[in-house]
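>>> sequence first, then the predicted structure, then my questions.
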Amino acid sequence: MLTPAKSRLAAAQILAHKFRMARAIFMRFLLAALLAASVLPARAVEAPYEKNLLRLAEILGSLQYLRNLCGEKGDDW
């Protein structure tokens, strides 16, 4: 027969085991959540100067096209 001290010890061991199991399950869940979050694609953020840069590219491309039509021979601006 178990003495009260051995009974408390057995109960404490069972409780500790349940705690370790719950912690292991929580850690696995946390790891899975972190992995799932890291797989999501990053959202592209438009730079504030992008519209101006696109407009400059359009203007320079148009000037190069007109330059070739006018018979300019060099590539130097």
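Yep, that arrived.
>>> any idea which helix or strand comes after the helix or strand of the chain with the lowest mean pLDDT?
Here the helix or strand of the chain ranked lowest by mean pLDDT, DSSP states H and E is helix 4-39, holding a mean of 88. Scanning forward in sequence from helix 4-39 by DSSP states H and E, the next helix or strand is helix 50-69.
>>> give me the mean pLDDT for that following helix.
Helix 50-69 shows a mean pLDDT of 92.
>>> CA atoms of that helix as PDB?
Coordinates of each C-alpha in helix 50-69 appear next as PDB, following Å, rounded to 0.1, in the frame of the first residue of the first chain:
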ATOM      1  CA  GLU A  50       8.600  55.500 -58.600                       C
ATOM      2  CA  LYS A  51       6.100  57.500 -60.500                       C
ATOM      3  CA  ASN A  52       8.600  60.300 -61.200                       C
ATOM      4  CA  LEU A  53      11.200  57.700 -62.200                       C
ATOM      5  CA  LEU A  54       8.800  56.100 -64.700                       C
ATOM      6  CA  ARG A  55       7.900  59.500 -66.200                       C
ATOM      7  CA  LEU A  56      11.600  60.300 -66.600                       C
ATOM      8  CA  ALA A  57      12.200  56.900 -68.300                       C
ATOM      9  CA  GLU A  58       9.300  57.700 -70.700                       C
ATOM     10  CA  ILE A  59      10.800  61.200 -71.500                       C
ATOM     11  CA  LEU A  60      14.300  59.900 -72.100                       C
ATOM     12  CA  GLY A  61      13.000  57.000 -74.200                       C
ATOM     13  CA  SER A  62      11.000  59.500 -76.400                       C
ATOM     14  CA  LEU A  63      14.000  61.800 -76.700                       C
ATOM     15  CA  GLN A  64      16.200  58.900 -77.800                       C
ATOM     16  CA  TYR A  65      13.600  57.800 -80.400                       C
ATOM     17  CA  LEU A  66      13.300  61.300 -81.800                       C
ATOM     18  CA  ARG A  67      17.100  61.700 -81.800                       C
ATOM     19  CA  ASN A  68      17.500  58.600 -84.000                       C
ATOM     20  CA  LEU A  69      14.700  59.900 -86.400                       C
END
